[in-house]
Every structure is written in C-alpha cells, then in structure tokens.
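Visitor: have a look at this prediction, sequence included:
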Amino acid sequence: MTHKVHLIDHPLIQHKLTLMRQKNTAAAEFRRLLREISLLLGYEATRDLSMTTKEISTPLEHMDAPILAGKKMCFFSILRAGDGLLSGLLELVPSARIGHVGLYRDPKTLEAVEYYFKAPADLANRLCIVVDPMLATGHSASAALTRIKQAGAVNIRFICLLAAPDGIANLKEDHPDVPIFTGALDRECNEKGYILPGLGDAGDRLFGTRSGTIKD
C-alpha cells in the first residue's frame, strides 16, 4: 500500500466526532466516543489484511475456514492521547502486540522530542498501526514513524481522528510509504501549530486535565 489519505466519512464517525468537538462534552463521554470511533477507523485500516485458511470442525462438519495470516499485528500509541484510540483497537484485535512512543512538542521550535520508546520484537514481520488522535503539523507523527522504522518496522499505517493539511503534507514528504486513515480533514493549523476548528487538546480532554489547545 503506497501513500494515500483515506477519509473515513462513515455517518456514525461524523456524528460521534461532532459530539466530541463540542467544548462541553465531559471527559468520560469524550473517552467513550473516541473508543467507539477507533473501532470504525480500525475496520477500514485493516480491511485488506492477509488471510489464509485453517481446517476446523463446526458442529456439523469439517471445513477450511479463513483466518489471519502471519505474525500478530502491532499497535503503536503515540503517548499520551494515542491511548484513547488504542483502547478501541484492542477490542477489535485483542491479540495484537503493543508499542509506545513518548513524544512532546517543544513549545518554541514545535519539533518533537522523544522521552520514551518500547516496542515488541520482530517488527519487520508485523503490520504496525500507529495511532494518535491529532495530525496537526505532523512533526510528532513523523518523528514517531521514523523511530518505529529504526526499530525494524516496514509495513506501517497511521490512524488519526483529525488531520490538517500541514500534517498530511509533512507525512507525505517524510514517509510517503505510510497510508493515513482519518475521520476528518480540518481546515488548517494556526500560527502555534494547533488544528482549526479541531476539538481542543485531545490528551487533556481524554484525561480531564487542564483545558487547552490541541497538541500535535
């Protein structure tokens, strides 16, 4: 799969996203909606998984039944807001391996700084799905994808809730081999690198911390 932006405009995603955008949506409701949307995004991002067959016995007869091929996939969460998408994806694929990339954005340069990385083994033989609710300037996502590739991953997909033109352009330039799956394409980033109209800071709204603007 080459670089492509997949806009998943399912009516349920759009409806739930509108509820998430509202500034008076409580943290518990925000978490629930994000988990539900992640299931729908996950279905689309895994639509073309490789399959094989396995001989099984139903209550009536034997059959060759379809089953996923290869090693279990890996979900990478870009901390901390990525965990909001991760919880729903794990309901979809509970056997998946999990990796974490800890990044924060330097407030002056807007560049991503890594503070944590942990990954499963054999990434070269796994489909790796990287998740973060927001793709704003793309610096954090690009840095995370670079780090994951350095750990051996070669088959990577990126899932986000919202994407801005800057983030898409930067990922296309830095990682043209990584397809993007998103629930919405927002208008722009402001001068501080925050998505407009956006939905605020996804991490803060997930965990009920301070109210602020969106992070990358």
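Guide: Here it is on my side, so go on. Numbers count the residues shown, from 1 in each chain.
Visitor: in the sheet, who's paired with the most centrally placed residue in the chain?
Guide: In the chain, the centroid-proximal residue (CA atoms, centre = their mean) is Val131; its distance is 2.1 Å. With DSSP bridges applied, Val131 shows beta-bridge pairing to Ser77, Ile159.
Visitor: let's have the chain start at 56 instead
Guide: Right, with 56 as the first residue, what we last looked at is Val186.
Visitor: mind pulling up the pLDDT for it?
Guide: On the pLDDT scale, Val186 is placed at 96.
Visitor: go ahead and confirm it touches Ile133.
Guide: Yes: under the criterion of CB atoms under 8 Å, Val186 makes contact with Ile133 at 6.9 Å. All C-beta atoms are positioned from the backbone trio N, CA, C, and that covers glycine.
Visitor: what about Leu158, neighbour count?
Guide: Counted with other CB atoms under 10 Å, residues neighbouring Leu158 total 24.
Visitor: what does the model give it for pLDDT?
Guide: 83.
Visitor: does it sit in a helix or strand, and which one?
Guide: Assigned by DSSP states H and E, Leu158 falls within strand 152-160.
Visitor: ok, the helix or strand just after that strand: who's next to it in the sheet?
Guide: Using DSSP H and E, the next helix or strand after strand 152-160 towards the C-terminus is strand 167-173. In the sheet, strand 167-173 lines up against strand 152-160 (antiparallel) (DSSP bridges).
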